[in-house]
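Q: Kindly generate the corresponding structure for this input.
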Amino acid sequence: MKTAAEWQRDALGYECRDPALLEAALTHRSAGGPHNERLEFLGDAVLNCVVAMLVFREFGAADEGDLSRFRSSLVSGEALAVVAAEIGLGDQLRLGSGELKSGGFRRKSILADTLEALFGAIYLEGGFEAAANAIERLFVPLLDRLPSAAELKDPKTRLQETLQARGLPLPSYVVESVSGEAHSQVFQVSCSVDVLGLKTLATGASRRRAEQAAAQLMLEGLANPSSGSL
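A: Got it, this is the predicted structure:
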C-alpha cells in the first residue's frame, strides 16, 4: 500500500518533504490534533488564483462575467469533490470515529475541503509554482469538459436575459411561505411575469434556492408553453 507521500506524488505530482504538514492536510477536525482547516483557507485562495489564470489563458474571447462563471464552475464544492474522488483522496483521509462510521470519506464537503488543504500545504512548502503545477495537473483536463458560458448562467440570470430579449419587464419573486424548524426551513417562492399572466411556484432550503428553482420552471414554461409547466 502506498504511503501518503507516495500517493501525493502520484496524484498531484508533488511529494511533500514534511510528513507532519501532509498529515495535517489530510486530517479532518473530527480526528483531533492538528487538522486542515487553516490549510484549507490558504489552499482555497491559491486554487482560485490558479484557476483564474487557467480560464483567462484558455478563453481569450470571454468577458469578465463569463470568466467568473468558468472559474466558479471549476472550483465549486461539487467539482472539487469529483476531482478528489477521481484521485482516491477518500482513502487518505484521517477522520474521527463518528465521521468514519457515517461515511465521511465519501462526503463531498470533506473531500473538497481536504483537496484545498493539500494545495495549501504544497504552497507552504514548495511555493506558488509547485502549487500551480499540482492544480494544473488536475484541472487542465477539465477545461475541455466545461459547458458553455451561457449554460453556466444561473436560472434567474437566464430568465432575466430571456425576458429582456423579448422587450418584457423583469420577473418578480415573492416568498409565499416559510415552514419548518429554524435549522431546516423550507421556503416557497413564486416567480411572476405579470405582463404575460404567468406564475410559477417552487421550494428550496433557502430563499435563493427557491427563487432559482422557480425561475427554472418559468424558463421551461416559456420554452414549452404547452407543456403545462406554468
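
Q: mind listing what the nearest residue to Arg9 once chain neighbours are set aside touches?
A: Leaving aside its sequence neighbours, Arg9 sits nearest to Glu15 (Cβ to Cβ, 6 or more residues apart in numbering; 3.9 Å). Where C-beta positions appear, they are placed from N, C-alpha and C, glycine not excepted. Contact analysis of Glu15 by Cβ atoms under 8 Å, 6 or more residues apart in numbering lists Ala5, Glu6, Gln8, Arg9.

Q: how's the protein carved up into domains?
A: The chain breaks down into these domains under automatic domain parsing: 4-147, 155-223.

Q: Out of these, indicate the one that is most buried.
A: domain 4-147 (a mean of 17; mean count of other Cβ atoms under 10 Å).

Q: The spatially closest residue to Lys199 that is not a sequence neighbour pairs with what?
A: Spatial nearest neighbour of Lys199, excluding adjacent residues (Cβ to Cβ, 6+ apart): Ser192 at 4.5 Å. Here Ser192 shows beta-bridge partners Ser172, Lys199, assigned using DSSP bridges.

Q: Ala117 and Val46 touch, don't they?
A: No. Contact status for Ala117 versus Val46: not in contact, 10.8 Å apart, counting by Cβ atoms under 8 Å.

Q: before we move on, the earlier item: got the domains of the chain as JSON lines, with mean pLDDT columns?
A: What follows is those, written out as JSON lines (pLDDT from 0 to 100):
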{"stretch": "domain 4-147", "mean pLDDT": "94"}
{"stretch": "domain 155-223", "mean pLDDT": "93"}
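
Q: Quick one: the helices in this protein, in order.
A: If DSSP state H is used as the criterion, the helices of the chain fall at 4-12, 19-25, 37-58, 64-75, 77-86, 97-101, 108-126, 128-143, 149-152, 155-165, 207-223.

Q: Next, work out how far apart the closest residue to Leu54 other than its chain neighbours and Ala112 are.
A: In this structure, Leu54 finds its nearest non-sequential neighbour in Phe139, 6.2 Å apart by Cβ to Cβ, 6+ apart. Computed with Cβ to Cβ, to the nearest Å, the distance linking Phe139 and Ala112 is 13 Å.

Q: same thing with Gly32?
A: 21 Å.

Q: How about Ala121?
A: Distance from Ala121 to Ala112, by Cβ to Cβ: 15 Å.

Q: One more: Leu142?
A: 14 Å.

Q: do Ala205 as well
A: 19 Å.

Q: Got the phi and psi for Gly33?
A: phi 70, psi -170 (degrees, to the nearest 10).

Q: Could you report the pLDDT at Ser226?
A: pLDDT recorded at Ser226 is 62.

Q: Same check on Lys2?
A: At Lys2, the model reports a pLDDT of 83.
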